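Chemist: Mind folding the following:
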Amino acid sequence: MVFHYRNKETIVYYMRGLEVFSKAVPIAQFFAQKDNIQPFYTDFNFLRPLANMRDKVKFLTVESKLYNEFLAVFWIVSECIKILFNIEYIVFYRLADRISKEHENIDRLFEFIGEIDAAISCASVRSGKIVTCTPVFTPENTIFYKELTHPLLMYCVPNDLELTNSSMLITGSNMSGKTTFIRAIALNALLAQTVHICFAKRYEAPFFKIYSAIRIADDLLSQKSYYLEEVLRVKNLVEASKDNNPCLFVMDELLKGTNTLERVSAGASIISFLNKQQHFVMVATHDLELTKLLQPEAFKLYHFTESVEGNMLHFDHTLKKGPLKTRNAIKILEINGYPQEIIEHSKATERALLNTSDFE
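Modeler: Take a look at the predicted model:
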């Protein structure tokens, strides 16, 4: 009895995995019989040996299905028989040996179900109300997006973009949508190259290797400051730019962990270095100085902006050509109830700084 219950602990540990396997086999068999699935898969022989294994799994997991006291008598009798002949122990280790031998077929089982599940998910998205398209991959150094959106935003404003042999620098007011737009670009590129679907009316671009530096945080456990984390992340992009294959580099507020002068100087140098002929660089920034430092033929300038309506800011989230001409940070402070003393002092300081050469 001691031997039986000691081994039972091992069996119970693996029970959840065995139950998943037991459910997966009939699901795969169901899909394999569908006429609209069979043309895409030529070999279902991996299911036969797994179906035989399922009977042993059902024997080991039947105990978990005894939910009421009327079945307790059956459980007591079966448990006594198992203890007497070590049946459960023998069945489990024979099954374990069989699983080891059939591991390739088990891998194919879950890959098959996973592919069908992914296909159903994509079909569900395509049949929904959100606008989608099939991506077109081009060997030319050209990007064309028609009404591109971010799929996680219910009421996302669609935007168009066309670039040929050039990258993009986006400036914009706070909350105007510049970071969301470059995230939408990266996300749609990733979906285009994985599940062959894009959230746009039209998507044309090269097949990219995608790199980003958007969400960066310091690491106290590793004793790395925010700026050091930025440096290390961007260094990966610098190394990746040596690749001869097309790369998409997406960056938000580059090097914001350091002072303005060095941030702008180093940022312009890094962005220009990444912008090799076969690559595209998408940068969102508040640093308007970058619009004057980057070569106009290498970087197209775009911006998002807002309009003031009464005491409220209104954002249309529409991509516009050219650099940003307005600011709204102090206005947002005012709208959110900051003391008037802070607002007036901020405006006075802003005017003074704009009159110096450093902030022209």
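Chemist: how about the helices in the chain?
Modeler: 2-13, 15-32, 47-61, 72-85, 87-101, 103-126, 178-194, 226-240, 260-274, 290-293, 329-335, 340-354 (DSSP state H).
Chemist: which regions of the stretch 51-200 of the chain sit below the pLDDT cut-off?
Modeler: Applying pLDDT under 70 to the stretch 51-200 of the chain flags the ranges 58-89.
Chemist: Please identify the deepest-packed of the helices of the chain.
Modeler: helix 178-194 (a mean of 20; mean count of other Cβ atoms under 10 Å). C-betas here are computed from N, CA, C, even on glycine.
Chemist: Please name every helix or strand in contact with that helix.
Modeler: Under the contact criterion of 3 or more Cβ pairs under 8 Å, 6 or more residues apart in numbering; DSSP states H and E, helix 178-194 touches strand 142-148, strand 167-172, strand 202-205, strand 209-213, strand 247-252, strand 280-285, strand 299-304.
Chemist: Of those, which is nearest residue 25?
Modeler: strand 209-213 (36.7 Å; Cβ to Cβ).
Chemist: Can you give the domain ranges for this structure?
Modeler: Each domain of the chain is listed here as a residue range: 2-126, 136-327, per automatic domain parsing.
Chemist: now these as CSV including distance to residue 340?
Modeler: Listed next are the domains of the chain as CSV, based on distance: least, Cβ to Cβ, whole Å:
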stretch, distance to residue 340
domain 2-126, 49
domain 136-327, 13
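Chemist: Out of those domains, which is closest to residue 347?
Modeler: Comparing the domains of the chain by Cβ to Cβ, domain 136-327 comes nearest, at 10.7 Å.
Chemist: What is the end-to-end distance of the closest one?
Modeler: 38 Å (Cα to Cα, to the nearest Å).
Chemist: Turn the helices of the chain into TSV, including distance to residue 220.
Modeler: TSV is the format used below for the helices of the chain (distance: least, Cβ to Cβ, whole Å):
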stretch	distance to residue 220
helix 2-13	36
helix 15-32	36
helix 47-61	45
helix 72-85	52
helix 87-101	43
helix 103-126	37
helix 178-194	25
helix 226-240	11
helix 260-274	23
helix 290-293	31
helix 329-335	29
helix 340-354	31
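Chemist: Return the most buried member of the helices and strands packed on helix 178-194.
Modeler: Among the helices and strands packed on helix 178-194, highest average neighbours (mean count of other Cβ under 10 Å) belong to strand 280-285, with a mean of 26.
Chemist: Understood, closing this out.
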